[in-house]
Structure formats: C-alpha cells, structure tokens
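Student: Have a look; sequence and predicted model below, questions after that.
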Amino acid sequence: MNPNSNRFLSALAITAIAAVSLNSCKPKGAEAAISGDAASKVYVAPGKYDEFYDFVSGGFNGQMSVYGIPSGRLLRIIPVFSTFAENGYGFSEETKPMLNTSHGFVPWDDLHHIALSTTNGEHDGRWVFANGNNTPRIARVDLKSFRTAEIIEIPNSAGNHSSPFITENTEYTVAGTRFSIPIQGNPDVPINTYKQNFKGTISFVKVDSSTGHMNIAFQILTPGVNFDLSRAGKGKSHDWFFFSCYNSEKANTLLEVNASAKDKDFIMAVNWKKAEQYAKAGKGKMVPAEYAHNIYDEVKHQATSTIEKQVLMLDPKDCPDMIYFIPCPKSPHGTDVDPTGEYIVGSGKLAALIPVFSFTKIQQAIANKTFDGTFDGFPILKYEAVLHGEVQKPGLGPLHTEFDNNGNAYTSMFVSSEIVKWNIKDVKVLDRVPTYYSIGHLSVMGGPTRKPYGKYMIAYNKITKDRYLPTGPELAQSAQLYDISGDKMKMILDFPTVGEPHYAEAIPAEKIRNNSIKIYKIEENQNPYAAKGEAQTKVTRNGNEVHVYMTAIRSHLTPDNIEGIQQGDVVYFHVTNLEQDWDVPHGFAIKNANNAEILIMPGETQTLKYIADKVGIFPFYCTDFCSALHQEMQGYLRVSPKGSNVALMFSTGKNYPAVDTTTKTVKP
Amino acid sequence: MKKKTIWATLLIVVSTMFFVACVDKNPSQKEPLDTQALTSNQSEVHGKEILPGDIQITNPLNAQWVADGKAIYDVKCQSCHKLTDEKLVGPGWKGVTKQRKPEWIMNMITNVDMMLEKDPAAQKLLEECLVRMPNQNLTTDEARKVLEFQRSNDGEK
Ligand SMILES: [Cu+2]
C-alpha cells in the first residue's frame, strides 16, 4: 500500500460522514418542499424533450409561437399573418401571396386564437388554425412542416374575433364578427344609423378532411351585435355552436358605457347542422363578395392567391328554428362547452357570478317554447329554464373557462388576477390561485377537447410589471404554469412570452413529433425557377427583368460572380438549397436590398427580389451559419450603368471574363 | 495507479449508498440528474450499415445504373465533388473506387454520420475538408447506382 492510499482512506471516511449528515432526511419547511418540487417538475434535462407542444397566439405580433411544456422553452415562431424578416416570410416572392387580401398586401395582423384540429373531439395533430382579428382572416398551419399552409379572408366581416373555433371533426372552423358593419348594399352610411344599417355575420368555413383546404360554405346574417367568442358543442350537443355576444344595446359610440347598460346580453345558439341543410336545400342566396384565398403549395414551394367573388348568405328569416338567444349576465366573453357537451359556461366579464347552462334544458325549452320574448325576431330562451346553476362569488371579471378530465372547471378572473377551480355538477368553488397579473385566457392541456389530458394549466397574463428584470417602458407578457394534478393548483413556472399571448392550445408531443418533416425532397421540387444541380444554374434576361437560378450548398453559391446587370434592372434571385440533410438551411442576402433575407430549407427554392438601383459591386452571402467555411459562402454582383455593353455573365470558380479560354483551377 | 482507482470507486459507491438509502425514505427527492451524461448520451439515428458481401460488383457495368447514377450525381453530389482528382468541397472522385472498398463508399453515402463517428479514413477526410459530408438522403439502391457511375468514371467497363 503506498502512502497515497492512506489519504484516500481518510478521504473516504470524511466523505461518508459528510454524506450521512447532508442526507439526514430531516423534514423540510413547507416552502422549501414546494420550491424543490416545482423545479424538478419543470426541469427538462439538456437533450431531453418536453411532454407537450404548446401553440400560443402571438396577438399583435401576428405570429404563432411554439413552446415546450413543462419547460416553457420557446421552440419556434411560426409566421402567420405578419411578415417575418427573419426567414423572409412575406418578403420572398413565393410567400408574398400568402398575405394578399381584397385590399392588396397586408403585412400585419392581430392573431388571437388557436384551434388544434380534432377528430371525434380529440386532437389529431394535423393542423392548427388561427384567426386574424383586424383584417378578417383564418389561417391553417400544417403540423408536418410547422408552416402556414393556407389563409382565407372572411368577407362581410369586421374584427374576426369569434374565430377560428372548430367543430368536433374539424368539419367547420367559424368566424364571427366582432364589429357589426353595413353588410351588402351601400356601405357609405352615417355611423349613427347603426341600428338600421349595421349587421353581423357568422361564417362557417368548411375544412376538407383530407387536404385541409378551406372554403366558406355559408354565412349567416345576424343582428348587429358584437360577437366575442364561441365554442362548438360536443357529443350530444355536436350539432350546435355557441357564440357569446355583447352590445345587444347596439351602441356605436362610447361602448364602455353604452354597451354595458343592460343587465343581460346573450349567448347565441346556432344549430349548424340545420344551417348546413338549409344551405344544401337552396335557402341561401349567392351574394357578391370579394375575398382572397391563399394556398401554399409545398411541392412548388410557392403560394398562390385567388380572389373569390361571391359567398352563400343565409338569412335566418328564411331558415326557421336555426338560432336561439340565451340570456347571459353582463357582456359575456367566454362561452365554453364542457367535455361531455352538456354544460355551457358563460363568463360575463362584468358579472358577479358564472352561469352554467344545460344543453338538455336548452333542448326542452326549445321544444316547449319556454321563451322570454324575442331579440330582433329571434326567440330568447327563458334564463331560469335553461340554467343548470350559477357559480356564486367566483371572483372579479370572469373571462374564460377550461376543463379537466375529472368534472372540474377552471375560470380565469381578469380583474382579481386569479384562477378559480370549481366543480361543474354542484357549481361549488374548490380552490383559487393568484396569477401575475391580469390573466386573459387560460389553457388546460386538452382543455377544449372531449378528453382533457389535465396535468398542467397555463395562465396567459396581460401585465407583468415587476415579474422580470425591467426592460424600459415596454415589458414582456407572461405565462404561468400550474400543476393541477392534485386537489390544489400549484404554480410551478413563470416564463415571459413573445407578442401578446391570447389563447393557446397544447398537445402531447407524441401526437406530432414523429410526423415532423426534415427536408424537402429535391426530386419533388416543382418550383419553376428551381435549379436542381449546378448544371441548371443560369442567368437570363427579359427586358429589364433578370432571373438568377442559383444553388446553395456548403459552402458556396453558384453562380457567385455575376456581371452584366444594369442600373434599374429588377433581379430575382431564385435560390435552391441542394442539401438533403436535416437542419442545414442556407440564407441569402444582398447588400442594400430594400428587402429582407430569405432562408432556404434543404431541397427548397425561394426567391428574393432585388432592384439594382445604383451602379457598383454588390456582395451577397449566406446568412445562416452552415459550416466551417460559412464565411466563405459569398459572391459578387456587378451593376453597370444603363445601356452598358458589359455582357451578361455568370460563373463559380471560373474567373470570367477569361483572357484565354482555359479555365482556371478551382480553389477549394 | 490501479489501486487509487479502486479506492476512488469504492468511495463513490459508498457515498452513493448513503444517498440512495435516504432517497428511498423520501421519494419526493430525486437523485440529481447528471446532465453531462445525458447530453452525450443521445442516440443518433443511422441508416443500416452495409457490410462486406452485401453488395455485388459485376462486369460489365450496368449501363442503366451508370446513367441513373450520373443523374443523381448532377443534382445531389456535383456541387461538392468533381469527377477529376481535384478537390472542391469534398475530394474529387477520380480513383475513389480503386482506393476504397465498395461497402465503404456505400456507407459514406447512406450512413455518413456513422462513418464520421467511427471510421478513421472518413475522419481523416473531414480533417482535410473541414466540411461534414452531408447525408443527401439516398436509398441503398440509389447509392449503388452512384457507385456504378463512379466505377465508370474510374474507367471500368
Ligand atoms: Cu450557408
């Protein structure tokens, strides 16, 4: 035994004793136990995956963000309704048509709500829908590519807030007008003729079950109220859709006061199956309309925009027994249907209680004509006759309700900044937790489906104030994650979000993860400007329009020397990424372009438009660090004066114009 | 040296025992995660390794395969590999079928991550080129056709 061994022995003894005393297992204070517990619940080790994908609306950034839950890590921002200079969405020629509307190119919107596609009321992991609130639109994002695949504009609408909620088998996604406006006829009317001239509409947008393609099946003309939110029925209430509405006063100014006058507003119940039958039976009228329908073709790597010219309008006057109004206290916001489809929860944002309606009672009241007058000619169901119960003193400013798999409901309280858990059957409050601060939507995992996953709940807050390090006047908004697996709700994480999160929906990762595509197959690339291999690269001129068919591969662009461009030319760089390996995008940018960059995924072609406004040498390069020689991935464009006799020329590794015809050797 | 290691191991084992013993009594407390081990432990998905004898090399060359291999080369390989012995991003292909075993070439094409992880010759090439040969997503059949084209490029008939 050498002397060192003795040292080791004593080290062993010391360590052993230390280990014993450190781990003496004495009970810890409650606080330490909770926080220790919380950290391990949200900790996802490096290289490990989250349990859920969370699709979060970006609000005024017009995008959708994807977070991993429970870690709260931001995985991706999917551009939807707003341009995204980061990857060229809305800047590349291929994606510009996605943002086309009846008013031309609209580069921004306000994305509020998320709807994950469902089959039999359960998530199927195929698509996620989102609404554009400002310029009424619905978008469909493909969950294989995590890209916006389609956008349809909604005509006869303003403020598409009550959207894009879907029916149980994704038969329809809906759009209800937040602002009533003059529909059809001359829109140039005095604003204070609101009561005579302003109307709302509800659009039912059919979703093709195999392709996902959307088309407006029909619109329903409604009284001129403000539609706020909506939910489809489930199970027994499958055929129905419930829309909350406020401003039944039909005010057109100072709504803060004038739309809050009445004691009750309404939830509008629509029998969409009946509406569908009326539409089929020819009860509707084709009316002129103008709206864009934009589809991204993944094979052509190109979007097309078509302007549609008419839409089928159902006037409820010709469609009896299709619409009923349910009185609901004080400006209802959320209208949420529980997993069984029996209970409909209205959240009057100014009300001191939460009414829960019974679908069975609604059906009875309709059958027995238990009405309480009419609204604009539509029967109003008697409040007491359709009420299951009222949650008393839930808190202040109830907004939205989600459900777990154990018969409980969770309602967000904007004014009192809390979430209240209550039992649906006996409408008793069970628990409450604070949120920091001013919660809007909340989301239970699978909360709007027939089979909620429960486990976690997330609060999406409007105000963060002192929660994070200050960053000047403008602060991040936030999300707070709660463990709801036990009787008590426990906050376990607090993370800032991009944009303004409104609604969000989470889905177990395994429902999506394995469908995620890694590359676009270059053989399948049908972009008319694709260069499939360097042999197909070229530069062509047509008048002052120049097309560069370029390829990108680690670590060069072909061609990388281009001459013969003239001042005033419009140059289109069509860049094809020849890589076929996952996570090897290339980027392309050129000096002084009045444009963004483009990112090109493996096998894809994207086009950047560049106007050669001045004479000179303009370098271009790859913007996405792709290899050790990424800094070498560059080239030059020479712009000569108009009418110059410099010939159109392009090459890589050739050094044209050559003095003799022998080509120079290529530098590796 | 050996003894030291044994003592150190023993030390770790013993202190772990104390730790584990405690964990058992208090199930809410988890053993700290070894993040280092976790990150280095991610399994990579490789293609199926091609072994000696898996592919047959025959003469005369299959002319159809040579043509198909050339078409694949034009789209997916040409931007990095010249047909001469000149290096571009990767080595020129002249002589490659004389220098390398057919299964080695096939693995380089369909299983490049595996090759760069464990094959010394492939690793040496990476040291020279400093760009990872990409997986261009060829099927085994397609790779075989490219090999036929390479053989024809090397003058085989
Ligand atoms: Cu690059």
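Tutor: That came in fine, so what should we check first?

Student: Could you export stretch A:153-172 as PDB, CA atoms only?
Tutor: What follows is the C-alpha trace of stretch A:153-172 in PDB, where atoms were taken according to Å, rounded to 0.1, in the frame of the first residue of the first chain:
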ATOM      1  CA  GLU A 153     -60.100  36.100 -45.900                       C
ATOM      2  CA  ILE A 154     -63.600  36.500 -44.500                       C
ATOM      3  CA  PRO A 155     -65.800  38.900 -46.400                       C
ATOM      4  CA  ASN A 156     -68.800  40.700 -44.800                       C
ATOM      5  CA  SER A 157     -66.900  40.800 -41.600                       C
ATOM      6  CA  ALA A 158     -65.000  43.200 -39.400                       C
ATOM      7  CA  GLY A 159     -62.900  42.300 -36.400                       C
ATOM      8  CA  ASN A 160     -62.700  38.500 -36.700                       C
ATOM      9  CA  HIS A 161     -62.500  37.800 -33.000                       C
ATOM     10  CA  SER A 162     -65.000  34.900 -32.500                       C
ATOM     11  CA  SER A 163     -62.800  32.600 -34.500                       C
ATOM     12  CA  PRO A 164     -61.300  30.100 -35.500                       C
ATOM     13  CA  PHE A 165     -63.100  27.700 -33.200                       C
ATOM     14  CA  ILE A 166     -63.900  24.300 -34.800                       C
ATOM     15  CA  THR A 167     -66.500  21.600 -34.700                       C
ATOM     16  CA  GLU A 168     -65.600  18.100 -33.300                       C
ATOM     17  CA  ASN A 169     -64.400  16.600 -36.500                       C
ATOM     18  CA  THR A 170     -63.000  19.800 -37.900                       C
ATOM     19  CA  GLU A 171     -66.000  19.900 -40.300                       C
ATOM     20  CA  TYR A 172     -66.000  23.700 -39.900                       C
END
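
Student: Can you name the residues of chain B sitting close to the ion?
Tutor: For chain B, there are no residues in contact with the ion under the definition CB under 5 Å from the ion. All C-beta atoms are positioned from the backbone trio N, CA, C, and that covers glycine.

Student: any idea which element the residue in chain B that the ion sits nearest to lies in?
Tutor: Distance from the ion to each residue of chain B (CB to the ion) is smallest for residue B:131, at 10.5 Å. Secondary structure here is read from DSSP states H and E; on that basis residue B:131 sits in neither a helix nor a strand.

Student: Chain A versus that one, what's the distance?
Tutor: Residue B:131 sits 5 Å away from chain A, taking CB to the nearest CB, to the nearest Å as the criterion.

Student: what's around that residue, how many residues?
Tutor: The number of residues packed around residue B:131, counting by other CB atoms under 10 Å in any protein chain shown, is 20.

Student: Wait, it touches residue A:553, no?
Tutor: No: contact status for residue B:131 versus residue A:553: not in contact, 9.5 Å apart, counting by CB atoms under 8 Å.

Student: can you list residues touching both of these two?
Tutor: Both residue B:131 and residue A:553 are contacted by B:80, B:89, under the criterion CB atoms under 8 Å, 6 or more residues apart in numbering or on different chains.

Student: Please enumerate the helices of chain B.
Tutor: Secondary structure of chain B by DSSP state H: the helices cover B:2-25, B:35-40, B:63-76, B:96-99, B:102-110, B:112-118, B:120-129, B:140-153.

Student: average pLDDT for the third one?
Tutor: The one in question is helix B:63-76. If you average the pLDDT over helix B:63-76, you get 97.

Student: How many residues are close by residue 85?
Tutor: You didn't pick a chain, so chain A it is. Taking other CB under 10 Å as the neighbour definition, residue A:85 ends up with a count of 12.

Student: ah, no, chain B please
Tutor: 11.

Student: from what I can see it touches residue B:99, true?
Tutor: No: with contacts counted by CB under 8 Å, residue B:85 stays clear of residue B:99, the gap being 10.5 Å.

Student: which regions of chain B lie under the pLDDT threshold?
Tutor: Segments of chain B classed as low confidence (criterion: pLDDT under 70) are B:1-47.

Student: repeat that with 80
Tutor: Under the criterion of pLDDT under 80, the regions of chain B flagged as low confidence span B:1-48.
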